[in-house]
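Participant: take a look and give me a structure for this.
(chains A, B, C and D)
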Protein chains: 4
Amino acid sequence: MEKICIFTTGGTIDKVYFDQMSRYEVGEPQVEVILKEANVTVDYEIRPLLRKDSLDLTDADRALIRRAVEECASSRIVITHGTDTMKETAEKLRGIPGKVIVLTGAIEPARIKSSDAPFNVGAAVAAVQTLPPGVYIAMNGRIFDPRKVRKNREANRFEELETEGVGSRRP
Amino acid sequence: MEKICIFTTGGTIDKVYFDQMSRYEVGEPQVEVILKEANVTVDYEIRPLLRKDSLDLTDADRALIRRAVEECASSRIVITHGTDTMKETAEKLRGIPGKVIVLTGAIEPARIKSSDAPFNVGAAVAAVQTLPPGVYIAMNGRIFDPRKVRKNREANRFEELETEGVGSRRP
Amino acid sequence: MEKICIFTTGGTIDKVYFDQMSRYEVGEPQVEVILKEANVTVDYEIRPLLRKDSLDLTDADRALIRRAVEECASSRIVITHGTDTMKETAEKLRGIPGKVIVLTGAIEPARIKSSDAPFNVGAAVAAVQTLPPGVYIAMNGRIFDPRKVRKNREANRFEELETEGVGSRRP
Amino acid sequence: MEKICIFTTGGTIDKVYFDQMSRYEVGEPQVEVILKEANVTVDYEIRPLLRKDSLDLTDADRALIRRAVEECASSRIVITHGTDTMKETAEKLRGIPGKVIVLTGAIEPARIKSSDAPFNVGAAVAAVQTLPPGVYIAMNGRIFDPRKVRKNREANRFEELETEGVGSRRP
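Facilitator: From the prediction side, this is the model:
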């Protein structure tokens, strides 16, 4: 099995609480902790790219992410990312031939007891090994086509725009 | 996306610590807690079948599991299971046509802070939606063919008997 | 042992992360969860009074807290409170005869894995049973006299203004 | 405030789950992790003495603990200990003049998400600073006189033999 390349860009998954200012800020990438706790034996490499709330990502940031994915020797890519603009970044990653790219993140910071982060990273790591080349979003226990998903902010979850998820189109 | 049917059979993932006797016993299925914390929106149904350490599973137990899988209306099946004989149960589930069956579990009980359980369940839920019909084991961030895996008890992890995991045989 | 009356006023200990707005807000009192997890068998009663960041507490809020303490039938009072103005509220509670009043809170929300909340509540519950009447702050493993403490915001901890903590003045 | 000396002897608080053997064993002392997470600023020193289930403690072990307490320069002592024979060890520590000795432990291992360990250690650290010389057990949110307590194994908690806890005998 080829190495999985994991890029981190920030987002809620990596948020830390600072009491002094009573606010959350993006901290160290948590995906490393998650992969260690899960005793993951797939060969992987973590490359921190950005440390931003995804609402603050610029076109230049997305160009940087795309370049990193293109230049990466591996064909299997996981990206941890804020949920608010995960779809936008995913769309900017379309058209890179031969690569399986799975974006994931969390609704609750990984440091919170009941966080969805370990589950989501588990889903992304499985998906990147089983899906054909393309760009996907792994959230809420589903594998979404970025063109057919939206974040429902009121319900705080990802939903399909149309009737079927990617995973269901199996041969 | 078709409903995912989740069978629970016990194993370390569901273990509880009892101080009185200073021992662990298999408790309530934890997969429900994990799926709720992950805000999973795929349609799923949890059916508790057994509550045993996998070393205690009998031929009758495995026949029961197989029958439950065969009779289940869904073609996507996740089974939580103890790790010690996960391979054996997986082999007994071979040859059921048209079903994707993914077994998973945990090295550390889900109630432990650093448990691998949420990651593993996330991997299994993603794998069951993306893989073709067959029987698989999702552990250590990998998707294994049960015929080609063993549990390395010293290192406390699953390892391939041969060179390649299932996931790598992508088209 | 007389019942312990526990008043909750909000603060970091009860904060929840809301992804939609990428911010923390004061949620349900967590002291109840903490006392249940600790299997506390002392008779206690939890009375939610306020749900505020302590920087937002007004004179009217502090008058409300004082009245609640005065009117409470129990002589043993624990108050969960934000850390930024815990000292100020403690000073407003001086001079209530015959009552042991211990304020505590947390630097990290109780919902975070590595939170100091359970330890601090444990310290407050012990202190309220062992100290003579007066007002105290239980933070950082110490029992402080509110007149002789300050919150060091840079180091994010409570420190004595003078040389000795309250606890050291034992007979 | 004088330094607190913390002796560790094993017990449930330090238990680790070993999947290979499907059992719990006493691991590294967890009190250090707990004190760090609680940002404790009292001066303290941790001295690991034993690593045993308390049912396995011998007379020689208890003599070792007593000698360590007697020889320790500090007058404030916390001991982490298994719950099954905490009372017996406490009784062997009677009659050491001028020292406040507080024993504590946990019903659930500190590594479990809902463990009572951080709360109990918080209670012990507060109690050792506020109580007069003597031997005490801090469990279930109470401060017990070891002569007047028993572990109720069915209910899995400490209970008074008589009507009143130590803490209630305040002047």
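Participant: what's the residue in chain A that chain B sits nearest to in contact with, if anything?
Facilitator: With CB to the nearest CB as the measure, residue A:122 is the residue of chain A nearest to chain B, at 2.9 Å. (Each C-beta comes from the backbone N, C-alpha and C, glycine too.) Neighbouring residues of residue A:122 by CB atoms under 8 Å, 6 or more residues apart in numbering or on different chains: A:38, B:118-123, B:126, B:141.
Participant: now residue A:81
Facilitator: Residue A:81 touches A:9-11, A:54, A:89, A:103-105, counting by CB under 8 Å, 6+ apart.
Participant: residue nearest the centroid of chain A?
Facilitator: residue A:104 (2.3 Å; CA atoms, centre = their mean).
Participant: wait, doesn't that one sit right on residue A:119?
Facilitator: No. In this structure residue A:104 lies outside contact range of residue A:119 using CB atoms under 8 Å: 9.6 Å.
Participant: and for the two, which residues touch both?
Facilitator: With CB under 8 Å, 6+ apart, residue A:104 and residue A:119 have no common neighbours.
Participant: one step back: quick one: contacts for the residue nearest to the centre of chain A?
Facilitator: Per CB under 8 Å, 6+ apart, neighbours of residue A:104: A:78-81, A:120-121, A:123-124, A:137-139.
Participant: how about it: what's its closest non-neighbour residue?
Facilitator: residue A:124 (3.9 Å; CB to CB, 6 or more residues apart in numbering or on different chains).
Participant: what about the one you found, how many residues nearby?
Facilitator: 29 (other CB atoms under 10 Å in any protein chain shown).
Participant: pLDDT weak spots in chain A?
Facilitator: The model of chain A has pLDDT under 70 over residues A:18-24, A:162-171.
Participant: burial measure for whichever residue of it sits closest to chain D, as a count.
Facilitator: Distances between chain A and chain D by CB to the nearest CB are smallest at residue A:113, namely 6.3 Å. Using other CB under 10 Å, residue A:113 is surrounded by 16 other residues.
Participant: for the closest residue to residue A:144 other than its chain neighbours, helix, strand, or coil?
Facilitator: Closest residue to residue A:144 apart from its sequence neighbours, by CB to CB, 6+ apart: residue A:137 at 4.3 Å. Following DSSP: H, G, I helix; E, B strand; the rest coil, we place residue A:137 in the strand state.
Participant: residue A:137 reaches residue A:86, doesn't it?
Facilitator: Yes. Counting by CB under 8 Å, residue A:137 touches residue A:86, with 5.9 Å between them.
Participant: which residues do the two both contact?
Facilitator: Counting by CB under 8 Å, 6+ apart, the residues touching both residue A:137 and residue A:86 are A:103, A:146.
Participant: quick one: the helices in chain A, in order.
Facilitator: For chain A, the helices defined by DSSP state H cover A:31-37, A:59-71, A:86-92, A:117-130.
Participant: of these, flag the one that's most buried.
Facilitator: Ranked by mean neighbour count, the helices of chain A are led by helix A:117-130 with a mean of 30 (mean count of other CB atoms under 10 Å in any protein chain shown).
Participant: what's the angle between it and helix B:117-130?
Facilitator: Interaxial angle, helix A:117-130 versus helix B:117-130 (axes from the mean of the first three to the mean of the last three CA atoms, to 10 degrees): 40 degrees.
Participant: using PDB, write out every CA atom in helix A:117-130.
Facilitator: Output in PDB follows, covering the C-alpha atoms of helix A:117-130 (Å, rounded to 0.1, in the frame of the first residue of the first chain):
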ATOM      1  CA  ALA A 117     -12.800  14.000  14.800                       C
ATOM      2  CA  PRO A 118     -11.400  10.500  15.300                       C
ATOM      3  CA  PHE A 119     -14.400   8.900  13.500                       C
ATOM      4  CA  ASN A 120     -14.100  11.400  10.600                       C
ATOM      5  CA  VAL A 121     -10.400  10.800  10.200                       C
ATOM      6  CA  GLY A 122     -11.000   7.000  10.300                       C
ATOM      7  CA  ALA A 123     -13.600   7.400   7.600                       C
ATOM      8  CA  ALA A 124     -11.200   9.500   5.500                       C
ATOM      9  CA  VAL A 125      -8.300   7.100   5.900                       C
ATOM     10  CA  ALA A 126     -10.500   4.200   4.800                       C
ATOM     11  CA  ALA A 127     -12.000   6.100   1.900                       C
ATOM     12  CA  VAL A 128      -8.700   7.300   0.500                       C
ATOM     13  CA  GLN A 129      -7.700   3.600   0.200                       C
ATOM     14  CA  THR A 130     -10.900   2.300  -1.300                       C
END
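Participant: how far does it sit from the chain's center?
Facilitator: With CA atoms, centre = their mean, to the nearest Å as the basis, helix A:117-130 stands 9 Å off its chain's centre.
Participant: ok, stretch A:152-164 next?
Facilitator: Worked out by CA atoms, centre = their mean, stretch A:152-164 lies 16 Å from the chain centre.
Participant: hmm, it touching chain B?
Facilitator: Yes. Legend: contact between stretch A:152-164 and chain B by CB under 8 Å from any CB of the partner chain is shown at A:156-159, A:164.
Participant: go through that stretch and flag the buried ones.
Facilitator: By 16 or more other CB atoms under 10 Å in any protein chain shown, the buried positions in stretch A:152-164 come out as A:157-158, A:160.
Participant: returning to that earlier point: pick the one among the contacts of residue A:122 closest to residue B:69.
Facilitator: Using CB to CB, residue B:121 comes nearest to residue B:69 of the contacts of residue A:122, at 17.8 Å.
Participant: spatially nearest residue to that closest one, not counting backbone neighbours?
Facilitator: residue B:34 (4.9 Å).
Participant: enumerate every residue touching the one you found.
Facilitator: Here residue B:34 is in contact with A:119, B:110, B:117-118, B:121 (CB under 8 Å, 6+ apart).
Participant: mind naming the longest strand for chain A?
Facilitator: strand A:44-52 (DSSP state E).
Participant: could you check the angle helix A:59-71 makes with it?
Facilitator: Using the same axes, to 10 degrees: strand A:44-52 against helix A:59-71 is 170 degrees.
Participant: give the bridge partners for residue A:45, please.
Facilitator: residue A:5 (DSSP bridges).
Participant: related to what we said a few turns ago, so how far is the longest strand of chain A from its chain's centroid?
Facilitator: On CA atoms, centre = their mean, the centre of strand A:44-52 falls 11 Å from that of its chain.
Participant: go on, stretch A:77-90?
Facilitator: Distance, centroid of stretch A:77-90 to centroid of chain: 5 Å (CA atoms, centre = their mean).
Participant: what's the answer for stretch A:64-77, then?
Facilitator: 14 Å.
Participant: other residues contacting that stretch?
Facilitator: Applying CB under 8 Å, 6+ apart, the set of residues contacting stretch A:64-77 is A:2-7, A:9, A:45, A:47, A:49-50, A:79, A:89, A:92-93, A:96, A:98-102, A:128-129, A:133.
Participant: quick check: ChimeraX command selecting the buried ones in the residues you listed.
Facilitator: Filtering the contacts of stretch A:64-77 down to the buried ones (16+ other CB under 10 Å) takes a single ChimeraX command:
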select /A:4,5,6,7,9,49,50,79,89,92,93,96,99,100,101,102,128,129
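Participant: I'd like the residues of stretch A:152-164 next to chain B as TSV, with distance to residue A:145 appended.
Facilitator: As requested, the residues of stretch A:152-164 next to chain B are exported to TSV (distance: CB to CB, whole Å):
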residue	distance to residue A:145
A:156	21
A:157	16
A:158	11
A:159	13
A:164	9
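Participant: which one of those is nearest residue A:63?
Facilitator: residue A:158 (24.4 Å).
Participant: tell me who's in contact with the nearest residue to that closest one once chain neighbours are set aside.
Facilitator: Excluding the flanking residues, the one nearest residue A:158 by CB to CB, 6+ apart is residue A:139, at 4.4 Å. Contact analysis of residue A:139 by CB under 8 Å, 6+ apart lists A:83, A:86, A:104-105, A:120, A:157-158.
Participant: perfect, that will be all.
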